[in-house]
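1. Dropping the sequence and predicted coords here.
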Amino acid sequence: MARMPVIDREKCDGCGLCVSICRCSILVLVDNVITVIENKKCSSCNCWCTQCELICPTGAISCPFEIVIA
């Protein structure tokens with residue numbers, strides 16, 4: 001089971017870019033800080049796609065799991 005993306009609350013500036021790119025709607029802004037809805041699963045590819053990590057301009061999101069291409 002893949003782990004959730006990790007959010008560094010101090011780095012998050014609340015821009016919302018990650019929310020706009022998340023196809024599964026697992027990311028939301030709460031008090032102007034990004035939050036992962038833990039009871040939802042990413043359904044677009046059956047694993048975490050890491051697009052949120054790539055688009056984050058402040059580096060507040062990290063995906064500390066390994067992606068294996070078979």
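-> Received the coordinates, thanks. Residues are numbered from 1 along each chain as shown.

2. contacting residues for the closest residue to V6 other than its chain neighbours?
-> Residue nearest to V6 in three dimensions, not counting chain neighbours: S62, with 5.0 Å by C-beta to C-beta, 6 or more residues apart in numbering. Placement of C-beta: from N, CA and C, glycine included. By C-beta atoms under 8 Å, 6 or more residues apart in numbering, the residues touching S62 are 5-6, 8, 53.

3. my read: G16 touches N32, true?
-> No: counting by C-beta atoms under 8 Å, N32 is not a contact partner of G16; they are 9.2 Å apart.

4. helix/strand/coil for V28?
-> strand (DSSP: H, G, I helix; E, B strand; the rest coil).

5. ok, now how distant is it from I69?
-> Between V28 and I69 the distance is 29 Å, computed by C-beta to C-beta, to the nearest Å.

6. Those two: which has the busier surroundings?
-> Using other C-beta atoms under 10 Å, the more surrounded residue of V28 and I69 is V28, with 14 against 3.

7. can you pull up the bridge partners for that one?
-> Assessed by DSSP bridges, V28 has beta-bridge partners T35.

8. can you tell me which helix or strand the residue most central in space within the chain belongs to?
-> Centroid check for the chain by C-alpha atoms, centre = their mean gives C52 as the closest residue, at 4.5 Å. Following DSSP states H and E, one finds C52 within helix 51-55.

9. Sheet partners, orientation included, of the helix or strand just after that helix?
-> Where DSSP H and E defines the elements, the next helix or strand beyond helix 51-55 is strand 61-62. Using DSSP bridges, the strands paired with strand 61-62 in its sheet are strand 6-7 (antiparallel).

10. and the strand it pairs with, how far out from the chain's middle?
-> Taking the mean of its C-alpha atoms, strand 6-7 sits 7 Å from the chain's own mean (C-alpha atoms, centre = their mean, to the nearest Å).

11. Moving along the chain from it, name the first helix or strand you hit.
-> Per DSSP H and E, the first helix or strand lying C-terminal to strand 6-7 is helix 17-21.

12. ok so, going back, what helices or strands is the helix holding C52 leaning on?
-> Judged by 3 or more C-beta pairs under 8 Å, 6 or more residues apart in numbering; DSSP states H and E, the packing partners of helix 51-55 are helix 17-21, strand 61-62.
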